[in-house]
Structures are given as structure tokens and as C-alpha cells.
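>>> just coords:
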């Protein structure tokens with residue numbers, strides 16, 4: 001009972017903090033996700049070093065993750081030109097070159113996991129900026145560059161809706177395993193139920209929030225539905241990717257940073273695959289559907 005109360009309380013605080021920072025201001029959004037990116041990367045380095053007998057440089061990889069987030073934000077909103085990425089490139093070069101000066105048996109694996117932390121964690125979080133600061137076409141009656149918080153907020157709403165639906169439908173109806181080799185507890189019934197709940201959430205959002213000003217309501221419903229479907233499909237793959245990682249490392253949770261919910265990687269695993277997919281989806285829709 002105590003664990004359930006802790007889980008519920010931390011869950012409410014987590015959701016309130018995430019939603020509040022996304023909606024409140026671009027600065028709170030930037031600070032929150034720069035910190036989340038660094039903490040998630042640090043946690044990734046911790047579990048890899050502890051369970052795979054490696055020596056990934058957690059400090060450099062974590063600072064690099066946070067910096068990449070801020071750099072992409074600065075470039076997207078035209079605060080800085082491409083030179084903002086030079087310190088990040090230097091950090092990547094350092095991670096590669098520094099291994100030459102350490103007599104370690106797993107140098108290549110250290111390289112691989114250090115760079116994986118940037119591709120798997122830092123890059124998707126940085127792409128949240130590309131999703132959130134959007135150059136709207138002329139057919140949308142919005143400023144050219146806008147912080148449209150509904151895109152990142154909708155992504156997390158659809159992920160949470162899908163998770164809730166998958167848990168409820170899977171618990172009640174789950175019979176057929178979705179991916180037994182990686183995650184035996186996930187079922188097709190749960191996955192389908194989660195998809196339906198996320199699609200329902202997308203239609204509720206479409207009722208009140210246009211995908212883009214100037215887009216007719218029935219088109220907006222289709223586009224938000226496609227957004228939710230993209231999140232569910234790639235979010236499921238993201239969850240399975242982390243499950244495979246933990247299975248190979250022989251661990252249950254990525255950490256205990258969030259009491260009752262495990263680690264940062266456990267909380268954001270789905271989003272790490274969903275974010276790049278949604279970026280592609282949003283810009284494809286704006287470019288080829290909204291504009292024409």
C-alpha cells in the first residue's frame with residue numbers, strides 16, 4: 001500500500017512538472033529537458049558501466065547531451081548560427097581520442113556506448129526543439145516561427161494514454177504475447193487497446209486544438225489521429241528497445257531516480273523513438289498536406 005501511494009504521488013508530481021514546464025514558457029521547457037537529457041544519459045552510462053564492465057565517461061556524455069539540447073534550440077530559434085555546434089563536436093572528438101591514452105581492454109565498447117548515448121538519448125531529446133519551434137507555412141495564420149507547445153505536450157499525452165490503455169486492456173484481455181523474446185508481458189490485446197485510447201485522446205485534442213490554424217476541422221482530426229498513431233507505433237518500439245537493453249544487461253529497472261517508477265530511462269524509453277518519428281511526421285504533414 002505504501003509503495004502504491006509513493007508511486008501515485010511521484011507520478012502526479014512528475015506529470016505536473018512536465019506539463020507545467022512545457023506549457024509555461026520556452027525557457028522552462030528548455031531547462032527541464034536539458035536537465036532530463038543529462039540525467040538520462042548519466043543513468044545510461046551508470047547501468048552500462050556497472051553491468052557491462054565498461055568505463056564510459058559519464059560526465060562528458062551527460063554534459064554533451066545537455067549542451068546538444070541547448071545548441072539545437074539556439075540554432076532553431078536563430079539565436080546562434082552553426083558555430084554553436086563546435087563545442088559539441090569537440091566533446092565527441094574527445095570521447096574518441098581520450099581512449100587512446102587509457103590501457104583498457106574494452107576501448108571499442110567504450111566508444112560504442114559513449115556514442116550510443118548521444119544517438120539514442122541526446123539526439124532524440126534535442127529533436128524536441130525541432131518539434132516545438134516550428135516554421136509554419138503561409139497558409140497557417142501563425143507567425144513564421146512559433147513555440148507551439150501542443151506538439152510536445154500531445155506527444156506525451158498520447159504516450160501516457162497508450163500506456164494506460166495497454167495496461168488496462170492487457171490486464172483484462174491479454175492472451176497473445178506481442179514480443180515474447182524481449183518483453184513477455186506485453187500483449188497484442190494491450191497494444192491494440194492502448195492504440196484505441198491514444199486515438200480517442202487525439203480526437204479530444206482535435207476538438208479543441210487545431211493542428212495548425214487555418215486547417216479545416218475534419219482535416220485536423222485526421223492529422224491528430226495520424227500523430228497519435230505515429231506515437232503509439234514508435235513508442236512501442238522504443239519501449240521494446242529499452243527492454244532489450246535491460247535484458248542484455250541483466251537488470252530490471254534502469255535506476256531509482258523516480259521513486260516507484262524506476263529510472264529516467266524507464267520513464268522516457270518510449271519517447272526516444274517516438275520523438276524522431278513525430279518530427280518527420282509533423283514536417284511532412286506541414287510541408288505536403290497543410291501547405292497544399
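Here it is on my side, so go on. Source: prediction; values computed, not measured.
>>> output the below-cut-off pLDDT ranges for the stretch 1-150 of the chain.
Counting by pLDDT under 70, the stretch 1-150 of the chain contains low-confidence ranges at 1-5, 136-144.
>>> what are the ranges of the helices in it?
Secondary structure of the stretch 1-150 of the chain, counting by DSSP state H, counting those that start in this stretch: helices at 2-24, 26-52, 58-76, 86-98, 107-117, 123-132, 150-173.
>>> okay if I get those helices as CSV plus mean neighbour count and distance to residue 210?
C-beta coordinates here come from the backbone N, C-alpha and C atoms, glycine included. As requested, those are exported to CSV (neighbours: other C-beta atoms under 10 Å; distance: least, C-beta to C-beta, whole Å):
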stretch, mean neighbour count, distance to residue 210
helix 2-24, 13, 17
helix 26-52, 20, 20
helix 58-76, 21, 22
helix 86-98, 14, 35
helix 107-117, 18, 37
helix 123-132, 23, 17
helix 150-173, 20, 9
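>>> figure out which of those is closest to residue 204.
helix 150-173 (9.2 Å; C-beta to C-beta).
>>> elements contacting the helix or strand that comes right after the closest one?
On the C-terminal side of helix 150-173, the closest following helix or strand by DSSP states H and E is strand 177-179. Of the remaining helices and strands, those touching strand 177-179 by 3 or more C-beta pairs under 8 Å, 6 or more residues apart in numbering; DSSP states H and E are strand 183-187, helix 188-208.
>>> worst mean pLDDT among those?
Set side by side, the helices and strands packed on strand 177-179 differ in mean pLDDT, and strand 183-187 is lowest with a mean of 79.
>>> now the angle from it to helix 150-173?
90 degrees (axes from the mean of the first three to the mean of the last three C-alpha atoms, to 10 degrees).
>>> can you tell me which helix in the chain is longest?
Taking DSSP state H as the criterion, the chain has its longest helix at helix 217-249.
>>> what comes up buried for the helix or strand following that helix?
Tracing the chain C-terminally past helix 217-249 and defining elements by DSSP H and E, one meets helix 264-285 next. Across helix 264-285, burial judged by 16 or more other C-beta atoms under 10 Å covers 264-279, 281-282, 285.
>>> what's the neighbour count on residue 208?
One way to gauge burial is a neighbour count; for residue 208, by other C-beta atoms under 10 Å, it gives 6.
>>> my bad, should have said residue 222
Applying other C-beta under 10 Å, we find 16 other residues in the vicinity of residue 222.
>>> so how far is residue 202 from it?
If you measure residue 222 against residue 202 using C-beta to C-beta, to the nearest Å, the figure is 10 Å.
>>> next one: residue 14
The gap separating residue 14 from residue 202 is 22 Å, by C-beta to C-beta.
>>> report the distance from stretch 246-263 to the chain centre.
Offset of stretch 246-263 from its chain centre (C-alpha atoms, centre = their mean, to the nearest Å): 17 Å.
>>> quick one: contacts of it?
Surrounding stretch 246-263, the residues in contact under the criterion C-beta atoms under 8 Å, 6 or more residues apart in numbering are 3, 6-11, 14, 39, 43-44, 46-48, 51-52, 182, 242, 264-267.
>>> please redo it, this time with the cut-off set to 10 Å
Contact partners of stretch 246-263, identified using C-beta atoms under 10 Å, 6 or more residues apart in numbering, comprise 2-11, 13-14, 39-40, 42-44, 46-48, 50-52, 181-183, 242, 245, 264-269.
>>> average pLDDT across it?
Within the predicted structure, the mean pLDDT of stretch 246-263 is 78.
>>> for it, how far is the first residue from the last?
Start to finish, the residues bounding stretch 246-263 are 12 Å apart (C-alpha to C-alpha, to the nearest Å).
>>> how many residues are close by residue 180?
Count around residue 180 with other C-beta under 10 Å applied: 11.
>>> list phi and psi for it.
Its backbone dihedrals place residue 180 at phi -60, psi -30, with angles given as degrees, to the nearest 10.
>>> that one reaches residue 186, doesn't it?
Yes. Using C-beta atoms under 10 Å, residue 180 makes contact with residue 186 at a distance of 8.7 Å.
>>> residue 125 is in contact with residue 71, correct?
No. The pair residue 71 and residue 125 does not pass the contact test of C-beta under 10 Å, sitting 11.9 Å apart.
>>> ok, so what distance separates the residue nearest to residue 201 when sequence neighbours are not counted from residue 270?
Of all residues beyond its chain neighbours, the one nearest residue 201 is residue 161 (4.2 Å), with distances taken as C-beta to C-beta, 6 or more residues apart in numbering. With the distance defined as C-beta to C-beta, residue 161 ends up 12 Å from residue 270.
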